[in-house]
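Engineer: pasted the sequence and its predicted model underneath.
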Amino acid sequence: MSGPRESVSERLEAYADGALGAADRADFEREMLRDPALRAEVEMQERINDRLRALYAPPESVAVPALAGSAKYSAHPTHAPPAPRRWVGWALGIAAAIALAFVGIQYTGLLGPGPGDTRADALYTRLVRMGFEPAWECKDDAEFIAYTRDKFGQAFTIDPTPGVTLLGWTYCTGVLGDQAGVLLVDAGGEKVIVVVDRAGQDRPVKVDGASGLRVIRQRAGNAVLYEVTPRQEAVVLPHVQVQ
């Protein structure tokens, strides 16, 4: 009985450490998209690692590779997000209780933060820090339509826009529902995210006033979309086409 659980734990640890190969990493991320409980475990581990870095490491700058290109759908980025330092393994053994105490404040049980508990600017900052790399990409409009229909109960696509590249999808909990998706977008070198969920999961999406970000909402049939952007106007939402 412990075999499958141990296998998942080993893969989770390898994923968090950046030790999975490209194919295994892609498989694991696709599995996360299908399994909210696994996503919650990964986010919990990442929050613990982040807390340990804050507790034990001196401040350091994080270089975020520039994302460029004008194609509607980008090729998968060749860079990988910075991997946690290897010493996190033994530090976790010493400081797990402290880290878990901090993480516990932000999480409800083991299923992640409750709906509406996470500000969109915190999500945006975390995605930028992690390298702004998608977990899943749609290679064309047909795949994009199928993905949005299956995940959000509403098929839609986004018209091509010069200078705007749809990098792909990742996931989040706490902003809308636990099945929400996040579309990562490069808009002329500026990073933009669009948080998407079924309309039944709609709730106010907020950002800190000092974050420099704006939130713009749009309903698309049975789905609701929130564009979180450093710009004054939305660059993605005006081009959403309900199918």
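Structural biologist: Cool, the structure landed. Worth saying up front: this structure is predicted, and the values here are computed from it rather than measured.

Engineer: worst-scoring helix or strand of this structure, pLDDT-wise?
Structural biologist: helix 88-106 (a mean of 45; mean pLDDT, DSSP states H and E).

Engineer: how does this protein divide into domains?
Structural biologist: The chain resolves into domains spanning 2-69+81-106, 120-242 when parsed by automatic domain parsing.

Engineer: before we move on, back to that, C-terminal to the least confident helix or strand of the chain, what's the next element?
Structural biologist: As assigned by DSSP states H and E, the chain's next helix or strand after helix 88-106 is helix 120-129.

Engineer: residues making contact with that next one?
Structural biologist: Outside helix 120-129, the residues that touch it by C-beta atoms under 8 Å, 6 or more residues apart in numbering are 62, 64, 170, 172, 174-175, 182, 184, 191, 193, 195, 205-208, 211, 213, 215, 226, 228. In this view, the C-beta of every residue, glycine as well, is placed from N, C-alpha and C.

Engineer: give me that answer again for 6 Å
Structural biologist: The contact list for helix 120-129 (C-beta atoms under 6 Å, 6 or more residues apart in numbering) reads 62, 64, 172, 175, 191, 193, 205, 207-208, 211, 213, 215, 228.

Engineer: which one of those is nearest Tyr15?
Structural biologist: Distance to Tyr15 across the contacts of helix 120-129 (C-beta to C-beta) is lowest for Cys172, with 17.0 Å.

Engineer: now do the contacts for the closest one.
Structural biologist: Contacts of Cys172 (C-beta under 6 Å, 6+ apart): 123, 180, 182.

Engineer: buried among the contacts of helix 120-129? Need that as a selection in ChimeraX.
Structural biologist: The buried residues among the contacts of helix 120-129 can be selected in ChimeraX (16 or more other C-beta atoms under 10 Å) with this line:
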select :172,175,191,193,205,207,211,213,215,228
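
Engineer: can I get the contacts of helix 120-129 in a markdown table including pLDDT and secondary structure?
Structural biologist: Listed next are these as a markdown table, based on pLDDT from 0 to 100; DSSP: H, G, I helix; E, B strand; the rest coil:
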| residue | pLDDT | secondary structure |
| --- | --- | --- |
| Val62 | 34 | coil |
| Val64 | 35 | coil |
| Cys172 | 85 | coil |
| Val175 | 92 | coil |
| Lys191 | 97 | strand |
| Ile193 | 97 | strand |
| Val205 | 94 | coil |
| Val207 | 94 | coil |
| Asp208 | 91 | coil |
| Ser211 | 93 | helix |
| Leu213 | 97 | coil |
| Val215 | 97 | strand |
| Val228 | 98 | strand |
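
Engineer: from the contacts of helix 120-129, which two are the most distant?
Structural biologist: So, the contacts of helix 120-129 by C-beta to C-beta: farthest apart are Val62 and Val205, at 25.0 Å.

Engineer: pLDDT below threshold where in this protein?
Structural biologist: 1-8, 17, 46-116 (pLDDT under 70).

Engineer: distance of Val192 from Ser211?
Structural biologist: 14 Å (C-beta to C-beta, to the nearest Å).
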